[in-house]
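Participant: quick one: sequence and predicted model below, then my questions.
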Amino acid sequence: MNTPARQTCSMATISLVFGVLSWFALPIIGAIVAVVCGHMARSEIRRSEGALDGDGQAVAGLVLGYVHLAVLTLIVIAIFLFFGGILALLAGLGLSGHFH
């Protein structure tokens, strides 16, 4: 009853590692690598017909990468809205001529 251990997909591990790194060391690049490798890993795992393991790692990498990209997008939108609001306020005070 010894069943051979399934090999873990290396792309799934890469996805998870870069998903974690995207939050600490490689913000944009890490998230993109995590998402791309996560999708590649899930595809490879499905094609292996049970020979490869690591779907959970791939999903975790995908989630970490996509959430990080979403948070970065919200931060950029907030920055634009903040500075746009400041410029609108200054324009209302008649100080907008200094910014053209």
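Facilitator: Looks like it came in fine.
Participant: confirm for me that residue 66 is in contact with residue 39.
Facilitator: No: in this structure, residue 66 is not within contact of residue 39 by C-beta atoms under 8 Å, at 10.5 Å. Yep, even glycine has a C-beta here, placed from its N, CA and C like the rest.
Participant: tell me, what residue is most central in this structure?
Facilitator: Residue closest to the mean C-alpha point of the chain, counted by C-alpha atoms, centre = their mean, is residue 65 at 2.1 Å.
Participant: give the contact list for that one.
Facilitator: Counting by C-beta atoms under 8 Å, 6 or more residues apart in numbering, residue 65 touches 15, 18, 19, 22, 30, 31, 32, 33, 34, 35, 38.
Participant: for this protein, which helix is longest?
Facilitator: helix 55-92 (DSSP state H).
Participant: neighbours around residue 3, how many?
Facilitator: Residue 3: 5 surrounding residues under other C-beta atoms under 10 Å.
Participant: go on, residue 44?
Facilitator: Close neighbours of residue 44, defined as other C-beta under 10 Å, add up to 18.
Participant: what's the per-residue pLDDT of the spatially closest residue to it that is not a sequence neighbour here?
Facilitator: Sequence neighbours aside, residue 9 is the residue nearest to residue 44 in space, at 5.6 Å (criterion: C-beta to C-beta, 6 or more residues apart in numbering). Residue 9 carries a pLDDT value of 95.
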